[in-house]
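>>> Sequence and predicted structure, then a few things I'm wondering about:
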Amino acid sequence: MSAIHLQNLVKKFGDFTALKTMDLEIADGEFMALLGPSGCGKSTTMNMIAGMEEPTGGKILFGERDMAGVPMGRRGVGFVFQNYAIFTHMTVRQNLAYGPKMRGAAKAEIDRRVGAIAEMLQLSPLLDRKADRLSVNILQRVAIGRSAIMEPAIFLLDEPLSNVDAAFRAVMRTELKQLQRQFRQTMVYVTHDQLEAMTMADRIAVMDHGVLQQVGTPLEVYNNPANVFVARFIGAPGMNLLKGRPAESDRGLVIDLGPLGVTPPLPEMLAPAVRAVRGEVLYGFRPEQVALAERGLSMPVTFVERIGARTIVHLGEGESAVKAVFENDIGLSIGQTAIVAPPASSVRVFDATTGLAMKAG
Amino acid sequence: MSAVTATISEDKMGTARARPAMRDEGARLGFRLTLPAQLLVLFISAFPLLMQLYISVTDWSPLSGVGWWSAWEMWNSFANYTDLAADTRFWSALQRTAVVMLVCVPAEFLLGLALATLFADDFPGKRIFYSILLMPMMVVPAVAGYMFFMLFQSGGPVNDILSTITGTRVTIAWLSDPTLALIAVMVADIWQWTPLMFLILLAGLVGVPEDQIKAATLLGANPWQRFVTIVLPKMKTIIIIALAIRVIENFKIFDTLYIMTGGGPGVATETISVYIYKVTTQDLIWGYVAAIALAILIVLSIVAVYAMKRMAKTREMPA
C-alpha cells in the first residue's frame, strides 16, 4: 500500500497547458475520485501517475519514493482502462495469468494466484472462456483481476463505467465499491459523473481547465463548495447563484438582488467576510433546500419538471433564474408566482469577481 | 451477481432460439440475390477450367488443324499425365520454384515486419522514407528485370560496389553462374515485393489496439514479450493473408526473372512459369501445357485452402 503525493505537478502539450501546478495528497488506502468535465486534466493526471506520460514539471511520490524516470511497468500500479483493454485473443485465465507469467512466476504459483483471484471475483466458472464474448461487467472484473493479481499498491481506474448502459451502472458501482473494500488499496478513480464520485469516493478532487478546484469528502464538496465552479458542477441541478450587492438592513446584513428584492438576513457567521467584499457577490443556495414561504423571493414559475419522486420547478428567467427541487409533487404550475426562501443555514455567498466562497468567520 | 448470470443465460437462449429460422430464410434470400453473380463467376472460372481439363487429356495443339472442341479425336489416354510424372525438367523446375519461394517469402516477410515495426512509431522524415519504400512495388516488373539485369552485369554497379568495399577488382559473372544467377533473381524479387509485405503488415500493426499494449506494459511485459504475446497474435489473420498472397504470387514468378536470365544459364533459373512458357511457345504441345497448369493449380489451391482454414480458425470462437 502506498500514499500518493503530487507536488507542483505541471503538464504541457506544446503550447497547451493540460495541468497547471497541481498539489494533491492521496492517503494510503484512500478512494480518491478525480472529477471534472472533459478536458479538465483528470486523465492527464492519472496517466502521469501511471507513468504513461512524463510530467513537464513537479514531482510524483509514492510514499517516499520519487517516481521520476520509473517506467510504467515498474511502478506497481494497476490500471483499469476505460474500455478495459482485455486481451481478446486470450481466455479469461490467460488474461489473469498475464502479469505473473511475464514476470516469470512458476507455473504452480501462477495457477494458485489465478485460482485465488478468480474465486474472489467470482470468475472461476468463466476461466476458460474466450475473453471476446464476455458481457461488460465480467470484462470489468477481468480487468480488475488482471491488475489485482499483481497486488499493486495503487489502483487507477479511468472512467471504467462510461461505456456501460445506465441500468448496469448502479450494479457496477456497488460492485466496484465492494471490490475496493476487499483489496484495501489506494484507488484513484477518474470520472466526469458526479454520481459515481459521490457514491464511491472517500474524497473527491474537483478539477476544471487543468486547475484543481477543491478537494474534500463528497459531503464537504456538496455542502461547502470552494468556488462558483464547484457550486455549479456538483449537484443535479447545480447550486442556484443570484447576483447582488451586500446591503445593511435593520435585521442584519442582506444581499440586494435588484429587481428580485432583498434576501433574508445572512447568518451572522458569514457577515464579516461578506462586508469585506467591494463589489458584487453571488448569493447561492441548493435547489433541494428551497422551501415555499410567506416571505422571501417572489418569482414566476416558468417550467415544471415532474420526475416521479421529485419535482424540479424553474423560477424566473435569465440572470435571475432559479431552480427548486421538491420531494413530492407540488401544486405549482406555469405562470403562478411562488415565494421561496432558502433556510439561512444553507446559504453560501461567493465573491462575484474572484468566484471564491466567503468563509464563515 | 444474479444480474450477471441472468444476462448470460438470456443471451444464450436468445441466440439459440433465433438462429435456425433466421438462417434458413437469410440463406434462401441470399442465394436468390447472388444467383446472377454466381452464374457469372461459375462461367468465368469453371469454363476455362473444364476446357483445360478437356485439352489436357489430348494431343491437341494450335497446329493440329482442328478446333479445340474437336480435340477428343486426339485423345491420348492420360499420356500427358504419365509424361508429366516422368518429366525431370518439370520436377526440377518445380523444386527450383519451391527453393525461390522458401527463400524469398520468409525474407520479404521478415524485412517487411521489421520495417513495419519501425514505421509504426514516429520519426523525422517518416513520410519521405515511406514513399521511397513503396516505390519498388510500383516499378513495372519488366523494367525491374532490366534494372537488375544491368546491375548484375560483370562490369555493373553491384561489382563496382563490391570492388570498393573489398579494395580489389571484382568481376563476378552473376548471371552466367548457375547459383549466383538464382541468387540475383531472388534479390530482385525481394527488392520488388518487400514493400507489399511491409504495407500489409503495417496496416495490421497499426490495427493492434494501443491500450492493450499499454495494459501489457503496465503488467510488466518487456517489448519482446509484448510483441510475441499481443502484437503477433493480433496480426495473425493479416500475416496469413500476406503470406498467402506472396506464396501464390511468388510461385508464379516470371517477368523479372525471364528478362534477367531467360531461365538460364541452361535451366539454372528455370521456374515452373518459365518452363510452361517455353513449352507453350517453343514446343507448342498445348495438351501437355494444360496438364502442367492443372497440376500447379491443384498445388496452389491446396495452399489457398490451407490458408483460408487457418484464417477461419483464428476467427471462430468457442461458444
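Cool, the structure landed.
>>> how many neighbours does the residue of the stretch 101-250 of chain A at minimum distance from chain B have?
Minimum separation of the stretch 101-250 of chain A from chain B (C-beta to the nearest C-beta) falls at residue A:102, amounting to 4.3 Å. C-beta: built from backbone N, CA, C; applies to glycine. Here the number of neighbours of residue A:102 (other C-beta atoms under 10 Å in any protein chain shown) works out to 19.
>>> Restricting to C-alpha, output stretch A:184-196 in PDB.
What follows is stretch A:184-196, C-alpha atoms only, in PDB (Å, rounded to 0.1, in the frame of the first residue of the first chain):
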ATOM      1  CA  ARG A 184      -7.900  -2.000   0.500                       C
ATOM      2  CA  GLN A 185      -5.600  -0.400  -2.000                       C
ATOM      3  CA  THR A 186      -5.100   3.200  -2.700                       C
ATOM      4  CA  MET A 187      -7.500   3.900  -5.500                       C
ATOM      5  CA  VAL A 188      -7.700   6.800  -7.900                       C
ATOM      6  CA  TYR A 189     -10.800   6.900  -9.900                       C
ATOM      7  CA  VAL A 190     -11.200   9.300 -12.900                       C
ATOM      8  CA  THR A 191     -14.800  10.200 -13.800                       C
ATOM      9  CA  HIS A 192     -16.900  13.000 -15.200                       C
ATOM     10  CA  ASP A 193     -20.000  11.500 -13.500                       C
ATOM     11  CA  GLN A 194     -20.500  13.200 -10.100                       C
ATOM     12  CA  LEU A 195     -22.900  10.400  -9.000                       C
ATOM     13  CA  GLU A 196     -20.000   7.900  -9.300                       C
END
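>>> and that stretch, which residues are buried?
In terms of neighbour count (16 or more other C-beta atoms under 10 Å in any protein chain shown), stretch A:184-196 has its buried residues at A:185-192, A:194, A:196.
>>> And for stretch A:200-208?
Using 16+ other C-beta under 10 Å as the test for burial, stretch A:200-208 gives A:200-201, A:203-208.
>>> Among those, which ones are in helices?
Among these, the members falling in helices (DSSP state H) are residue A:200.
>>> and the closest residue to residue A:118 other than its chain neighbours, how many neighbours does it have?
In space, and not counting its chain neighbours, residue A:118 is closest to residue A:124: 4.6 Å by C-beta to C-beta, 6 or more residues apart in numbering or on different chains. Residues lying near residue A:124 (other C-beta under 10 Å) number 14.
>>> Can you give me the pLDDT of the residue of the stretch 51-200 of chain B found nearest chain A?
Residue nearest to chain A within the stretch 51-200 of chain B: residue B:122 (14.7 Å; C-beta to the nearest C-beta). Reported pLDDT at residue B:122 in the predicted model: 82.
>>> same check, this time on residue B:108
Note for residue B:108: predicted pLDDT of 94.
>>> can you check residue B:13 too?
For residue B:13, the pLDDT comes out at 40.
>>> And the pLDDT for residue 264?
Using chain A. For residue A:264, the predicted pLDDT is 82.
>>> ah, I was thinking of chain B
Looking at residue B:264, its pLDDT is 77.
>>> got the buried residues for stretch A:102-119?
Within stretch A:102-119, the residues that count as buried by 16+ other C-beta under 10 Å are A:102, A:105, A:110, A:113-114, A:117-118.
>>> Among the residues you listed, which lie within strands?
Among the buried residues of stretch A:102-119, DSSP state E puts none in strands.
>>> Show me which of these is closest to residue A:247.
For those, the residue nearest residue A:247 by C-beta to C-beta is residue A:117; the value is 63.8 Å.
>>> if I read this right, the closest one contacts residue A:145, doesn't it?
Yes: the criterion here is C-beta atoms under 8 Å, and residue A:117 meets it with residue A:145 at 4.8 Å.
>>> what do the two both touch?
Residues touching both residue A:117 and residue A:145 (C-beta atoms under 8 Å, 6 or more residues apart in numbering or on different chains): A:96, A:123.
>>> hang on, residue B:30 in a helix?
Yes: using DSSP: H, G, I helix; E, B strand; the rest coil, the assignment for residue B:30 is a helix.
>>> Read off the pLDDT value for it.
pLDDT, residue B:30: 86.
>>> Relative to chain A, how far out is it?
Distance of residue B:30 to chain A, given as C-beta to the nearest C-beta, to the nearest Å: 25 Å.
>>> what about that residue, how many neighbours?
Using other C-beta under 10 Å, residue B:30 has 10 other residues around it.
>>> hmm, who's touching the lowest-mean-pLDDT helix or strand in chain A?
Scoring the helices and strands of chain A by mean pLDDT, DSSP states H and E places helix A:166-183 at the bottom, with a mean of 80. Contact with helix A:166-183 is made by A:31, A:120-121, A:136-137, A:140-141, A:144, A:148, A:155, A:157, A:160-161, A:164, A:187, A:195-196, A:199-200, B:3, as judged by C-beta under 8 Å, 6+ apart.
>>> run the last query once more with 7 Å
The contact list for helix A:166-183 (C-beta atoms under 7 Å, 6 or more residues apart in numbering or on different chains) reads A:31, A:120, A:136-137, A:140, A:144, A:148, A:155, A:161, A:164, A:187, A:196, A:199-200, B:3.
>>> Close to chain B: what parts of the stretch 151-300 of chain A are there?
Residues of the stretch 151-300 of chain A lying close to chain B by C-beta under 7 Å from any C-beta of the partner chain are residue A:171.
>>> So, low pLDDT: which residues of the stretch 151-300 of chain A?
Scanning the stretch 151-300 of chain A for pLDDT under 70 picks out no residues.
>>> so how many other residues sit close to residue B:220?
Number of residues near residue B:220 (other C-beta under 10 Å) recorded here: 20.
>>> ok, back up a step: contacts only, for the residue of the stretch 101-250 of chain A closest to chain B.
Residue A:102 sits next to B:219-221, B:225 when contact means C-beta under 7 Å, 6+ apart.
>>> Now with 6 Å, please.
Residues near residue A:102 by C-beta atoms under 6 Å, 6 or more residues apart in numbering or on different chains: B:220-221, B:225.
>>> Same question for residue A:156.
Taking C-beta under 6 Å, 6+ apart, we find residue A:156 in contact with A:46, A:50, A:77, A:79, A:188.
>>> now it: how far from residue A:190?
Distance, residue A:156 to residue A:190, using C-beta to C-beta, to the nearest Å: 8 Å.
>>> Kindly report the same for residue A:70.
The gap separating residue A:70 from residue A:190 is 21 Å, by C-beta to C-beta.
>>> Where do the helices of the stretch 151-300 of chain B begin and end?
Assigned by DSSP state H, counting those that start in this stretch, the stretch 151-300 of chain B shows helices spanning B:157-166, B:178-206, B:210-218, B:223-226, B:232-251, B:255-261, B:272-278, B:286-315.
>>> Quickly compare the ones you listed and say which is most buried.
Among the helices of the stretch 151-300 of chain B, helix B:255-261 has the highest mean neighbour count (mean count of other C-beta atoms under 10 Å in any protein chain shown), at a mean of 22.
>>> Could you list every helix and strand that it packs against?
Contact partners of helix B:255-261 among helices and strands, from 3 or more C-beta pairs under 6 Å, 6 or more residues apart in numbering or on different chains; DSSP states H and E: helix B:141-151, helix B:178-206.
>>> Residues contacting stretch B:279-290, please?
So stretch B:279-290 is contacted by B:52, B:55-56, B:58-61, B:80, B:276 (C-beta under 6 Å, 6+ apart).
>>> surely residue B:173 meets residue B:154?
Yes: Residue B:173 lies in contact with residue B:154 (C-beta atoms under 6 Å); the separation is 4.8 Å.
>>> Give me the mean pLDDT for the helix or strand where residue B:128 lies.
Element membership for residue B:128 (DSSP states H and E) is helix B:126-138. Mean per-residue pLDDT for helix B:126-138: 89.
>>> Repeat that for stretch A:317-337.
84.
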